[in-house]
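**Q** sequence and predicted structure are below.
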Amino acid sequence: MFTENIISKFTSVVSQFPERNAFCINETHYSYGDFWKLIGQIRSQICAQNLTQTKLGLVVNDDLHTYASIMAVWMEGMAYVPLHPKHPIERNLEIVDQANIETILDSNTDSAYSSTMVIKTAESNNFSVSDKVNQISDDSLAYILFTSGSTGKPKGVQISYKNIASFAEAFMKTGIQLDETDRCLQCFDLTFDVSVQSFLIPLIHGACVYTVPHDQIKYSYVFGLLDDHELTMAIFAPSMIRLLQPYFEEIDLKKLKYCILTAEASPVDLVKEWSECIPNSRIFNFYGPTEATIYCVYYEIKDINNMKEANGMLAIGEPFYGINALILDEELKPVKKGQKGEMYVSGNQVTAGYWENPEKNKESFAQLEYEGEKQTFYKTGDLCLEDNDGCILYYGRLDNQVKIQGYRIELGEIEFHAREIIGGKNAVSFIYNGAQNNSEIALCLEVSEFNEKEIIAALSEKLPNYMIPSKIFNLENFPLNTSDKVDKKAIKELFKKF
Amino acid sequence: MDKNNITDKLTSVFRTVFENEDLTLTDEMTANDVDNWDSLTHMILVTEIEKDFEVKFKLKDLNKMKNVGNLIEVLISKLN
């Protein structure tokens, strides 16, 4: 499946369009011919090592060597484990250790890792170009991404070739059509799986991928790429669009055809304003945990004045082709349409499990009967509802649903009303341990100043007493994590200082 | 305001925003060279520069600021 859906498409692009640009990295363009040659050299370099392992660490710099390394690893039927050069070395070494990595591909000439482990891809030009096409086993691993684990140790999500090939097939059925004339944004860290969609889908269509250098400020650089290079497809986290919001009046991106919002919930008011900056673009909201390979549920906005939403957050819509999505109660029984429950997903995109982590696997997956057969479902931890049209609405993380004084409340609802009160700016609500060691609600507003009495009065008009926060504080700007999402953990930490 | 005056004034804004009294600006300096210089602190930095220099940046101006040298050039063109 991977050989046909990905490798064959890519090699045919290379032979059809060797002169066309595959990448624009730090204002330099690289053709498919250049890219192919480098991939072939890195393949020879890897093969020369006679490795027994099929997993390689990869230092993910923003350069052609790094992208060529990914394709080289895949064309050899191996897997990569991304190591971010800006993440603490201790964390990266913990990943190297957990994944039993013995070899690391690094384009830096001055590698942070032990020289006995490192293949310096910058020296690949001493190698011949390998261009044979191997048949790749779909069950082999393609990458392992480590995400933060609640125990403090990162946990590895293993994604197979079958997972990626199934994703690519389903992605192209959402109505997005690309060809060799397209120019696509890749603004995500390679340690985050949306990056794989952002470079791989363009590459199998002969389009050009525009990346963001690590030393640049992302939101202004991204705007520069969109504007100067007239990009036609862009994938963003809504938090990044929020950073551009003060400048919306200046933004007019007529060439943009596809805008994908992902990585976190999309506020409808922000999306509506943003849509005026991209008058000719179709807008999609893509949902998906890393465990189900990039995205698995999506919603396309057909009418900007009539978006489906829940608590001010855009709907996530319908499952991808090949994905089964169930909304279940605590006893794993399907809830009725119109009722909330936890979403479970199954299908060829779902991971075989966390890397060497049987406990976590037991916790996060369930064998459920579906259409007469047993299937492995991933427990998303997300609170969702399917409406009468079959459209899935997103109500936030399940652990955002808490009991206060015996009442079940959703923090998303408090955040929704708070955002309305502060004119569409962002708000985050969470639970903290109060003086009597009871659960109380805190609310953080992304504003420079606020009047607590007024906020409480306005919230009291919308919410019952037990949902009114007992502590309200503000941050001029919310911290973001490396995936461009609002960093709730960091906000909770800052709260302790208030 | 000449380049030296701008650099002096800018240095004090950088030192306040990044809470580092030893910070010395160079033309080639980028976000990679300063701890905590990311999208968020950049927004704060921009707001503080706008306040102190009494200028208003457009998004196109921000996009030109690939390093501190570019930032100073943008400021010179705004102020003169």
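**A** Okay, I see it.
**Q** most centrally placed residue in chain A?
**A** Here the mean C-alpha position of chain A is nearest to the C-alpha of A:Val194 (C-alpha atoms, centre = their mean), at a distance of 4.0 Å.
**Q** which element follows the helix or strand hosting A:Ile159 toward the C-terminus?
**A** Secondary structure here is read from DSSP states H and E; on that basis A:Ile159 sits in strand A:155-160. Downstream of strand A:155-160, the next assigned helix or strand under DSSP H and E is helix A:161-171.
**Q** which strands and helices lie in contact with that following helix?
**A** Contact partners of helix A:161-171 among helices and strands, from 3 or more C-beta pairs under 8 Å, 6 or more residues apart in numbering or on different chains; DSSP states H and E: helix A:2, strand A:141-147, helix A:194-203. Any C-beta I mention is one placed from the backbone N, CA and C, and that applies to glycine too.
**Q** mean pLDDT and distance to chain B added to those, as JSON lines?
**A** Written out in JSON lines, the entries for the helices and strands packed on helix A:161-171 read as follows (pLDDT from 0 to 100; distance: least, C-beta to the nearest C-beta, whole Å):
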{"stretch": "helix A:2", "mean pLDDT": "96", "distance to chain B": "35"}
{"stretch": "strand A:141-147", "mean pLDDT": "94", "distance to chain B": "20"}
{"stretch": "helix A:194-203", "mean pLDDT": "98", "distance to chain B": "17"}
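**Q** nearest to A:Phe286, of the ones you listed?
**A** Each of the helices and strands packed on helix A:161-171 has some distance to A:Phe286 by C-beta to C-beta; the shortest is helix A:194-203, at 8.4 Å.
**Q** check which residues of whichever helix or strand comes after that closest one are buried.
**A** Next helix or strand after helix A:194-203 toward the C-terminus (DSSP H and E): strand A:208-211. For strand A:208-211, a neighbour-count test (16 or more other C-beta atoms under 10 Å in any protein chain shown) marks A:208-211 as buried.
**Q** so what are the sheet partners of strand A:208-211 and their directions?
**A** When sheet partners are counted by DSSP bridges, strand A:208-211 sits next to strand A:21-25 (parallel), strand A:183-186 (parallel).
**Q** any chance of the ones you listed in CSV, plus mean neighbour count and distance to A:Phe199?
**A** As requested, the strands paired with strand A:208-211 are exported to CSV (neighbours: other C-beta atoms under 10 Å in any protein chain shown; distance: least, C-beta to C-beta, whole Å):
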stretch, mean neighbour count, distance to A:Phe199
strand A:21-25, 22, 8
strand A:183-186, 24, 5
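**Q** circling back to that earlier point, wait, which of the buried residues of strand A:208-211 is closest to A:Ser8?
**A** When the buried residues of strand A:208-211 are ranked by distance to A:Ser8 (C-beta to C-beta), A:Val209 comes first, at 19.4 Å.
**Q** quick check, the closest one in contact with A:Pro202.
**A** Yes: under the criterion of C-beta atoms under 8 Å, A:Val209 makes contact with A:Pro202 at 4.9 Å.
**Q** shared neighbours of the two, which are they?
**A** Applying C-beta atoms under 8 Å, 6 or more residues apart in numbering or on different chains, one finds that A:Val209 and A:Pro202 are jointly contacted by A:184, A:186.
**Q** any chance of the strands paired with strand A:208-211 in a markdown table, with mean pLDDT too?
**A** As requested, these are arranged in a markdown table below (pLDDT from 0 to 100):
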| stretch | mean pLDDT |
| --- | --- |
| strand A:21-25 | 98 |
| strand A:183-186 | 98 |
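**Q** out of those, which gets nearest to A:Glu123?
**A** Distance to A:Glu123, taken as C-beta to C-beta, is lowest for strand A:21-25 among these, at 19.2 Å.
**Q** rewinding a little: the strands paired with strand A:208-211: which one's closest to A:Leu51?
**A** Among these, strand A:21-25 comes nearest to A:Leu51, with 26.6 Å by C-beta to C-beta.
**Q** buried sites along the helix or strand that the closest one is followed by?
**A** As assigned by DSSP H and E, the chain's next helix or strand after strand A:21-25 is strand A:28-31. Residues A:30-31 are the ones in strand A:28-31 that count as buried (16+ other C-beta under 10 Å).
**Q** same deal with stretch A:400-408?
**A** Across stretch A:400-408, burial judged by 16+ other C-beta under 10 Å covers A:400-402.
**Q** could the helices and strands packed on helix A:161-171 go into a markdown table alongside distance to A:Glu249?
**A** Converted to a markdown table, the helices and strands packed on helix A:161-171 look like this (distance: least, C-beta to C-beta, whole Å):
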| stretch | distance to A:Glu249 |
| --- | --- |
| helix A:2 | 45 |
| strand A:141-147 | 37 |
| helix A:194-203 | 27 |
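**Q** closest to A:Cys259 out of these?
**A** helix A:194-203 (12.8 Å).
**Q** show me what the closest one is packed against.
**A** Taking 3+ C-beta pairs under 8 Å, 6+ apart as contact, the helices and strands that helix A:194-203 lies on are helix A:64-75, helix A:161-171, strand A:183-186, strand A:208-211, strand A:233-236.
**Q** cutoff 7 Å now
**A** With contacts defined as 3 or more C-beta pairs under 7 Å, 6 or more residues apart in numbering or on different chains; DSSP states H and E, the packing partners of helix A:194-203 are helix A:161-171, strand A:183-186, strand A:208-211, strand A:233-236.
**Q** angle of the longest one against helix A:64-75?
**A** Orientation of helix A:161-171 against helix A:64-75 (axes from the mean of the first three to the mean of the last three C-alpha atoms, to 10 degrees) gives an angle of 110 degrees.
**Q** would you mind writing the CA trace of helix A:161-171 as PDB?
**A** In PDB, the C-alpha atoms belonging to helix A:161-171 read as follows (Å, rounded to 0.1, in the frame of the first residue of the first chain):
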ATOM      1  CA  TYR A 161       3.600   2.400   6.600                       C
ATOM      2  CA  LYS A 162       0.100   1.200   6.400                       C
ATOM      3  CA  ASN A 163      -1.000   4.000   8.800                       C
ATOM      4  CA  ILE A 164       0.500   6.700   6.600                       C
ATOM      5  CA  ALA A 165      -0.600   5.200   3.300                       C
ATOM      6  CA  SER A 166      -4.200   4.900   4.600                       C
ATOM      7  CA  PHE A 167      -4.000   8.500   5.900                       C
ATOM      8  CA  ALA A 168      -2.800   9.800   2.500                       C
ATOM      9  CA  GLU A 169      -5.600   7.900   0.700                       C
ATOM     10  CA  ALA A 170      -8.300   9.300   3.000                       C
ATOM     11  CA  PHE A 171      -6.800  12.800   3.000                       C
END
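**Q** rewinding a little: closest to A:Phe223 out of the strands paired with strand A:208-211?
**A** Distances from A:Phe223 to each of the strands paired with strand A:208-211 were compared using C-beta to C-beta; the minimum, 10.5 Å, belongs to strand A:183-186.
**Q** what's the local residue count around the spatially closest residue to A:Tyr295 that is not a sequence neighbour?
**A** Once its chain neighbours are removed from consideration, A:Tyr295 has its nearest residue in A:Gly288; the separation is 3.7 Å (C-beta to C-beta, 6 or more residues apart in numbering or on different chains). Residue neighbour count, defined by other C-beta atoms under 10 Å in any protein chain shown, stands at 24 for A:Gly288.
**Q** my read: A:Gly288 touches A:Cys296, true?
**A** Yes: taking C-beta atoms under 7 Å as the definition, A:Gly288 is a contact partner of A:Cys296 at 4.5 Å.
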